[in-house]
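**Q** Need a 3D model of the following:
(chains A and B)
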Amino acid sequence: MVNFGLLYMEIATAALGLMLLAWGLLVPKRERQGIAYLTAAGLLALLALAWCTRGAAGTVLPGYTIDLYSIYFKSLFLTAAFLATICSFDYVAKMGFNQGEYYALLVFATLGMMVLATSGELITLYLGLELMAITFYILVAYRLDDPKSAEAGIKYLLLGALSSAILLYGFSLIYGTCGSTVLREIGKRISSGQADFALLLGLIFVIAGFSFKVTAVPFHMWAPDVYEGAPTPITAFLSVGSKAAAFAALIRILFLGFDNQAFLWLPLVTVLSVLSMVLGNLVAIPQKNVKRLLAYSSVAQGGYLLLGIVSASLLGIGAILYYAMIYVFANMGAFMAATAFYNNDRSDEIKDYAGLARRAPLVAAVMLFSVASLAGIPPLAGFPGKLYLFSSVVARDYSYLWLALLGLLMSAVSVYYYLQIVKAMYTGNPAPQKGALQVSRGMEVAMLLVLGILFFLGIYPTPLTNYAFKAGETLFMP
Amino acid sequence: MITLNHYVALSALLFCIGLLGALGKRNAIAILMGIELMLNAVNINLVAFNRFLQPSQVVGQVFALFIILVAAAEVAVGLALVINIYRRRLDTNIEDLNWLKW
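**A** Here you go, the predicted model:
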């Protein structure tokens, strides 16, 4: 008997999305600002629901299991969607059209991420992936008045469709070799057999397909263009949500389906991680545009997260879960500051940030502490995250020490380019005609919240670490 | 006698043609067509594996149906975006999409 009651999170999210879609058509144009508040309230309610029912567990269908791991990721996506919604208030209002569809698509993208992170079966996983991807294609190209946005949309769509075709070919080969699409079933069937060529090829294709989603070098080419062209709140949501969802699914595939084939995928993931850390950080240095800089920084962050998979241990998975959550707050903080700046000055160039600290102390502080957290400077939350990730690699095997040291070195490099933004904000002089920034009340509250969380979890990370490691444990339970 | 190997070889060939088209063509619509070929290669694979390895189940065929459905949605969005670009520039050549540097 299929237990549909366990799908309450997915059903509630879909209901919220459909309601927003209908609401957008029904209410008159002047009153559409209400939709933004409704979305924020709805997402907050869903987040509360996820927290209250975090003990829920059970199997809906053999390939769709609700466990703490999936609930952890659902809370992560809802948090990211909530912050992105708050970030969008002024931005979308200034765009001036179709607010209902914008927020509905945002919620549907969240639903896609939820399905992607929960499903342990290839067909469902693919559907979740595409629901997320297709809604993002639309959202990236949402600014009809801006040709850059349209261009970013088409580039994302072409490369995204290509990557999902490659991923699917991998799925078809895996199905052909194992005769099942359920990951645990696949894991059982290949533990008895040996690694054959079709399976290896399938695994490589699947890793390549997911590398695109997690922006691992050499599959990162789309990221800077798409991040620059997309509406800023969408860039923020894309960089944290889509990446975390892809990581959730990749971890499930590798550890449930191919656990005993680790000797095949470990070298691949190691190479991807090294390339992402090195290239992401080095190419970020000469960037002049804040969104492009954060895009390359996000490529590098993807590299750090891959380290957790390389460690192939509970410690590594817990570290990924913890770091992904911190990454939501840090990256969202940075993009919120960028959005607030763009809403006022219509610019994303670093040189225009000159003197921001004097024009808007809060916005500058959020940017400062967010990038400091991304760089992993104590006492901010990014520091324990990186500590767990790097130590998980060393704990696996001392021969991986060089990998942790490389990560450490590259984090040091990242401090340099993050400080370029900070330098412009705090030492530059604002253009004389520029006054104080107008920031909406909701955005200010969200910024303070992000700051508070970054400091709190930097000084006292235990509550979140416990939760993350408990969530990681459920993945390894039979 | 046509065996599973024939189908898999056909699918591999189709996939390579599609990949070549998607990477080599400069027109956005031609790239979308290349991607469609790749998806069809996947469908052939899935249906053939299903027919030859597990004739009593329909998992592969169901997967193929879902792929057809999602591919249609993807192309619908893709063509809408292409039209959006075309209206602005009267052009669908991706080499001219250089307002953002690749």
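**Q** For A:R441, grab the count of nearby residues.
**A** 8 (other C-beta atoms under 10 Å in any protein chain shown). Yep, even glycine has a C-beta here, placed from its N, CA and C like the rest.
**Q** interface residues of the stretch 51-200 of chain A facing chain B?
**A** Neighbours of chain B within the stretch 51-200 of chain A, by C-beta under 8 Å from any C-beta of the partner chain: A:122-123, A:126-127, A:130, A:134, A:137-138, A:141, A:144, A:147-148, A:150-155, A:157-158, A:161-162, A:164-166, A:168-169, A:171-173, A:175-176, A:179-181.
**Q** ok, and A:T59, which helix or strand is that part of?
**A** strand A:58-61 (DSSP states H and E).
**Q** Other residues contacting the helix or strand following that strand?
**A** As assigned by DSSP H and E, the chain's next helix or strand after strand A:58-61 is strand A:64-66. For strand A:64-66, the external contacting residues (C-beta atoms under 8 Å, 6 or more residues apart in numbering or on different chains) are A:6-7, A:56-60, A:118-121, A:124.
**Q** re the thing from before, just checking, which of the residues of the stretch 51-200 of chain A next to chain B belong to helices?
**A** Counted as lying in helices by DSSP state H, out of those, are A:122-123, A:126-127, A:130, A:134, A:137-138, A:147-148, A:150-155, A:157-158, A:161-162, A:164-166, A:168-169, A:171-173, A:175-176.
**Q** mean confidence for the strand holding A:T59?
**A** For strand A:58-61, mean pLDDT is 86.
**Q** quick one: contacts for the closest residue to chain B within the stretch 251-400 of chain A?
**A** When scored by C-beta to the nearest C-beta, the stretch 251-400 of chain A has A:R292 as its residue closest to chain B, at 9.0 Å. Taking C-beta under 8 Å, 6+ apart, we find A:R292 in contact with A:224, A:227-228.
**Q** and what of A:A337?
**A** A:363-364, A:366-367, A:370, A:447.
**Q** can you list those in a markdown table and add secondary structure and neighbour count?
**A** Shown next, in a markdown table, are these (DSSP: H, G, I helix; E, B strand; the rest coil; neighbours: other C-beta atoms under 10 Å in any protein chain shown):
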| residue | secondary structure | neighbour count |
| --- | --- | --- |
| A:V363 | helix | 25 |
| A:A364 | helix | 23 |
| A:V366 | helix | 26 |
| A:M367 | helix | 29 |
| A:S370 | helix | 29 |
| A:M447 | helix | 26 |
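**Q** Pull up the per-residue confidence for the residue lying closest to B:F66 once chain neighbours are set aside.
**A** Spatially, and ignoring its direct neighbours in sequence, B:F66 is nearest to A:I123 (5.8 Å; C-beta to C-beta, 6 or more residues apart in numbering or on different chains). A:I123 carries a pLDDT value of 95.
**Q** can you count the residues close to A:I123?
**A** Other residues close to A:I123 by other C-beta under 10 Å number 22.
**Q** where along chain B do the helices fall?
**A** B:4-24, B:28-53, B:59-89.
**Q** Go ahead and name everything in contact with the helix or strand bottoming out on mean pLDDT in chain A.
**A** Ranked by mean pLDDT, DSSP states H and E, the weakest helix or strand in chain A is helix A:183-192, scoring a mean of 84. Helix A:183-192 is touched from outside by A:62-63, A:120-122, A:174, A:177-180, A:199, A:252-253, A:256-261, with contacts defined as C-beta under 8 Å, 6+ apart.
**Q** For the residue positioned nearest the centre of chain B, which residues are in contact?
**A** Note on chain B: the residue nearest the mean C-alpha position is B:E36, at 2.3 Å, using C-alpha atoms, centre = their mean. For B:E36, the contact set (C-beta under 8 Å, 6+ apart) comprises B:18, B:71, B:75.
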